[in-house]
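Chemist: Quick one: sequence plus predicted model below, questions after.
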Amino acid sequence: MSFERKNIANMQGYVPGEQPKAHTVIKLNTNENPYPASPAVADALAKIRVEDLRRYPQAIAEDFRQIAADVHGVDAENIIPTNGGDELLRLALTTFVEVGDKIIVTQPTYSLYPVLAEVQNCILEEIPLRDDWSIPADFAESLIQSRAKMCILVNPHAPTGCLLPSAYIEKLAKSFEGVLVIDEAYVDFVDPKESYNCVPLIDSHENILILRTLSKGYALAGLRFGYGISNKSLANPIMFKTRDSYNTDHVSQILACAALQAQDHAQANWEKIRNSRSDLITALNELGLVTGASQTNFVLVQVPANHSAINISQALKDQNILVRHFRQPRLEDKLRISIGTEKENRALLSALRGVLQG
Ligand SMILES: Cc1ncc(COP(=O)(O)O)c(C=O)c1O
């Protein structure tokens, strides 16, 4: 006998990338930052006293809200601190999408969205990206026609690394009547010359909810801290109705504050990763592994027709290098590879050279 709700009994859960225990593995499979967080985070951690944990944390993480507001030039009321960006996604669905309502995503996209749609028991409509991974010309029109309650776009896109300009997002937000979630998990790695900043749009567009995370850009995936940025009409129901009573803990609040305040460290890290990305793309292309122009900390690689992506990923794994292969339509013949340290990238290239020639 099953006690699960029908939709839960019928669904598959999210499958995370492999997290090996050994630290000797070159881990390029889950888009973690290859460098440690700022030394300011280590200092803040060292100062936390066990006795501070006797008490509950700040319920709405007001210190973090203010620091994030200052970083983004918005008000503290526009910031929604969450237990990782994933919690913000779950809260967005719980708060704004009824059972049976429709949500729209692109295909492909972040593989957690369909899982959350199943949990909420809502209808998921997937709009395929074009062959070059660009968004279809009639996407805005499809959104209007769909009468969907929510559209979730990851920008820059995962798993392709493509970027939509903020002017396009603004156009979508204007014409769409539902909530437009812009998942900016990888936005820190975008070339600053690009016009990508959607934060100023929250003033004039009540339906935009931006997701940020400390997992990637701030090298704190193990901490579980993310946040939303939105107009109060979206932020308040999450902050004061649907959020768990203490959804972010004391330790993570303190460390998240330290990380966000260390902007110089973070920005130098992003610059280093952008430079490595550009070198890695050139070297992969020289090996006949085609990649698009990525604005994230990973690249999606097309393997040559005479090779199999899954075999290459297994051959790399045999050499202690993990990359991500998705058994999914349109991604079967590709590998998603996170940008590592320069040493890790050199080891990857050398292993790939051997595998492709072998
Ligand atoms: C596209 C995308 N959005 C959101 C997240 C959530 O990140 P976290 O829950 O670690 O903040 C991830 C993590 O991999 C992601 O790839």
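Modeler: Looks like it came in fine.

Chemist: residues in the protein within reach of the ligand, list them.
Modeler: 31, 84-86, 110, 154, 158, 183, 185, 213, 215, 221, 226 (Cβ under 6 Å from any ligand atom). For the C-beta atoms, the positions are set from N, CA and C on the backbone; glycine is no exception.

Chemist: Output the longest helix belonging to this structure.
Modeler: helix 263-286 (DSSP state H).

Chemist: could you dump that one to CSV, C-alpha only?
Modeler: Written as CSV, here are the backbone C-alpha positions of helix 263-286 (Å, rounded to 0.1, in the frame of the first residue of the first chain):
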residue,chain,number,x,y,z
GLN,A,263,32.7,41.6,-3.8
ASP,A,264,36.3,42.3,-4.9
HIS,A,265,37.2,38.6,-4.2
ALA,A,266,34.1,37.4,-6.0
GLN,A,267,34.6,39.6,-9.0
ALA,A,268,38.2,38.6,-9.4
ASN,A,269,37.1,34.9,-9.3
TRP,A,270,34.5,35.5,-12.0
GLU,A,271,37.1,37.2,-14.2
LYS,A,272,39.5,34.3,-13.8
ILE,A,273,36.8,31.8,-14.7
ARG,A,274,35.8,33.8,-17.8
ASN,A,275,39.4,33.7,-19.0
SER,A,276,39.7,30.0,-18.4
ARG,A,277,36.4,29.5,-20.2
SER,A,278,37.6,31.3,-23.3
ASP,A,279,40.9,29.3,-23.3
LEU,A,280,39.1,26.0,-22.7
ILE,A,281,36.6,26.6,-25.6
THR,A,282,39.5,27.3,-27.9
ALA,A,283,41.4,24.2,-26.9
LEU,A,284,38.2,22.0,-27.1
ASN,A,285,37.4,23.3,-30.6
GLU,A,286,41.0,22.5,-31.6
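
Chemist: Show me what whichever helix or strand comes after that helix pairs with in its sheet, parallel or antiparallel.
Modeler: With elements assigned by DSSP states H and E, the helix or strand that comes after helix 263-286 is strand 290-291. Using DSSP bridges, the strands paired with strand 290-291 are strand 298-302 (antiparallel).

Chemist: Where does I169 sit: helix, strand or coil?
Modeler: Here I169 is helix, with the state taken from DSSP: H, G, I helix; E, B strand; the rest coil.

Chemist: which ones are touching it?
Modeler: 153, 155, 180, 182, 198, 201, 208 (Cβ atoms under 8 Å, 6 or more residues apart in numbering).

Chemist: Kindly report the same for I79.
Modeler: Here I79 is in contact with 64-65, 68-69, 72, 227-229, 235 (Cβ under 8 Å, 6+ apart).

Chemist: Can you name the residues bridging to the residue nearest to F96 when sequence neighbours are not counted?
Modeler: In space, F96 comes closest to V179 once its chain neighbours are excluded; the distance is 4.9 Å by Cβ to Cβ, 6 or more residues apart in numbering. Counting by DSSP bridges, V179 is bridged to M150.

Chemist: number of nearby residues for V179?
Modeler: V179 has 24 neighbouring residues, counting by other Cβ atoms under 10 Å.

Chemist: any idea how far it is from L153?
Modeler: For V179, the distance to L153 equals 11 Å [Cβ to Cβ, to the nearest Å].

Chemist: same question, S278
Modeler: 25 Å.

Chemist: A strand includes R212, no?
Modeler: Yes: under three-state DSSP, R212 falls within a strand.

Chemist: wait, it sits on Y186?
Modeler: No: counting by Cβ atoms under 8 Å, R212 stays clear of Y186, with 10.2 Å between them.

Chemist: what's the domain layout of this protein?
Modeler: As given by automatic domain parsing, the domain ranges for the chain are 6-37+264-357, 49-262.

Chemist: In a markdown table, list those domains along with mean pLDDT.
Modeler: A markdown table is the format used below for these (pLDDT from 0 to 100):
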| stretch | mean pLDDT |
| --- | --- |
| domain 6-37+264-357 | 95 |
| domain 49-262 | 97 |
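
Chemist: TSV for these, including distance to D43?
Modeler: Formatted as TSV, the domains of the chain follow (distance: least, Cβ to Cβ, whole Å):
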stretch	distance to D43
domain 6-37+264-357	11
domain 49-262	7
